[in-house]
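> sequence? don't have it. structure:
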């Protein structure tokens, strides 16, 4: 209750409201990416948002997963249905991860449904103490998905921190709501769903070595057991690192005041292990924050389990990071995007200058 009637730290608004910032950015991703990557503008943007200058702001994908999903041919309605939860991070930053999950679930014999309405689990809001707003977001989910929830259609989440909301915070915020209880019981991570609810599913084989980093919510609210069963059945020679937190911890590691702690945490076990691994060793972790910590502090790119399964389905062809087309958003805008962004920035600056001139003119006339 401390912040009732008070302004919160700026990072609470830049990170806690990421769902709305991401929706806004999806209308002009090239301009936003230019603004957060151009030498001078990126410094100004980070300072304004309370982000550590050493961090890279993740690039928004040119198109969201939901936009790409709408272009797919309709699945066979006779197949059993599963809802794929389009969390903010995989929808706006890593749409390739969600696309891989669709491919995996369809190969397992399911019709994949994605909510048409824009929804958010409220995890960032919850983390920064915006409990009323988080509750409203969850109420919106319960109302929107009511028919599917009551029909018993399972929901698969890709981001452990978001799925944890459905398994933990949801029933705490709505203790007497039957739909909240149903959704809690019907929500699964990809590995949980494939191992416990996809009858007869057999993962494709992939004879590779892998390092696995468990996301904190994955380990605390769920368990890594089903993840390991999938990896074993795939034939992977894997090691689950005893590394604790990656250090990013959601938005914690992006914050200016927490950068040093974030790096020290990652350097304890995870980051040295990643750097010491061979180039053909897969780095596997499901959390957006874990993947960002690895990407921003090593030369490697980590894969979500959905991408590893997709890779195996495609016979493991061209599995190095440089050959995994479309799995992740570009870290920097391309030339075409930069030109478009420069044009957009010029128009925006021109409009701002015109507006300022009009305002000053009006003040002089008064």
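Nice, I can see it. In this text the structure is predicted, and so the values were computed from the model without any measurement.
> what mean pLDDT would you report for whichever strand or helix holds residue 14?
Element membership for residue 14, per DSSP states H and E: helix 10-16. Here helix 10-16 scores 92 as its mean pLDDT.
> May I see the buried residues of it?
By neighbour count on 16 or more other CB atoms under 10 Å, the buried set for helix 10-16 is 11, 12, 13, 14, 15, 16. Backbone N, C-alpha and C define where each C-beta goes, glycine included.
> And for stretch 199-219?
Neighbour counts over stretch 199-219 (16+ other CB under 10 Å) mark 201, 203-204, 206, 208, 210-218 as buried.
> can you check stretch 236-250 too?
For stretch 236-250, a neighbour-count test (16+ other CB under 10 Å) marks 236, 238, 240, 241, 243, 245, 246, 247, 248, 249, 250 as buried.
> got the end-to-end distance for it?
This stretch, stretch 236-250, spans 28 Å end to end (CA to CA, to the nearest Å).
> tell me the mean pLDDT over that stretch?
Per-residue scores along stretch 236-250 average to 94.
> how far is that stretch from where the chain is centred?
Distance, stretch centre to chain centre, for stretch 236-250: 17 Å (CA atoms, centre = their mean, to the nearest Å).
> what ranges do the helices span in the stretch 51-200 of the chain?
Applying DSSP state H, counting those that start in this stretch to the stretch 51-200 of the chain gives helices spanning 65-70, 88-92, 95-107, 123-127, 131-144, 146-150, 160-164, 170-173, 178-185, 190-196.
> For those, give me a markdown table that also has distance to residue 294 and mean pLDDT.
Output for the helices of the stretch 51-200 of the chain, formatted as a markdown table (distance: least, CB to CB, whole Å; pLDDT from 0 to 100):
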| stretch | distance to residue 294 | mean pLDDT |
| --- | --- | --- |
| helix 65-70 | 21 | 96 |
| helix 88-92 | 15 | 97 |
| helix 95-107 | 14 | 97 |
| helix 123-127 | 20 | 93 |
| helix 131-144 | 28 | 96 |
| helix 146-150 | 34 | 98 |
| helix 160-164 | 15 | 96 |
| helix 170-173 | 29 | 96 |
| helix 178-185 | 30 | 98 |
| helix 190-196 | 19 | 97 |
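> Between those helices, which one is closest to residue 259.
Closest to residue 259 of these, according to CB to CB: helix 123-127, at 17.5 Å.
> list the buried ones in that closest one?
123, 124, 125, 126, 127.
> Identify the nearest residue to the fourth one in space, disregarding sequence-adjacent positions?
In other words, residue 126. residue 134 (4.4 Å; CB to CB, 6 or more residues apart in numbering).
> Now do that neighbour against residue 149, distance only.
Residue 134 is 19 Å from residue 149, where distance means CB to CB, to the nearest Å.
> for residue 221, same thing?
20 Å.
> Settle it for me: which of the two has more neighbours?
residue 149 (23 against 18; other CB atoms under 10 Å).
> Quick one: residues contacting the more buried one.
Listed by CB atoms under 8 Å, 6 or more residues apart in numbering, the contact set of residue 149 reads 142, 179, 182, 183, 186.
> where are the low-confidence patches of this protein?
The chain contains residues with pLDDT under 70 at 1-5, 316-366.
> Leaving aside the residues adjacent along the chain, what's closest to the most centrally placed residue in it?
Centroid-nearest residue in the chain: residue 89, 2.5 Å away (criterion: CA atoms, centre = their mean). Nearest non-adjacent residue to residue 89, counting by CB to CB, 6+ apart: residue 288, 3.9 Å away.
> you'd agree the one you found is up against residue 98?
No. Look at residue 288 against residue 98 with CB atoms under 8 Å: they stay out of range, at 11.7 Å.
> Give the intersection of the neighbour lists for the two.
Each of residue 90 lies in contact with both residue 288 and residue 98 under the rule CB under 8 Å, 6+ apart.
> ok, now which ones touch residue 91?
22, 64, 65, 66, 98.
> tally of neighbours for the first one?
Using other CB under 10 Å, residue 22 has 20 neighbouring residues.
> buried residues in the helix or strand where it lies?
Element membership for residue 22, per DSSP H and E: helix 18-25. Neighbour-count burial for helix 18-25 flags 18, 19, 21, 22, 25 (criterion: 16+ other CB under 10 Å).
> Next: stretch 265-285.
265, 266, 270, 271, 273, 274, 277, 281, 282, 283, 284, 285.
> can you list the buried residues of helix 18-25 in CSV and add distance to residue 294?
Converted to CSV, the buried residues of helix 18-25 look like this (distance: CB to CB, whole Å):
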residue, distance to residue 294
18, 20
19, 24
21, 23
22, 21
25, 23
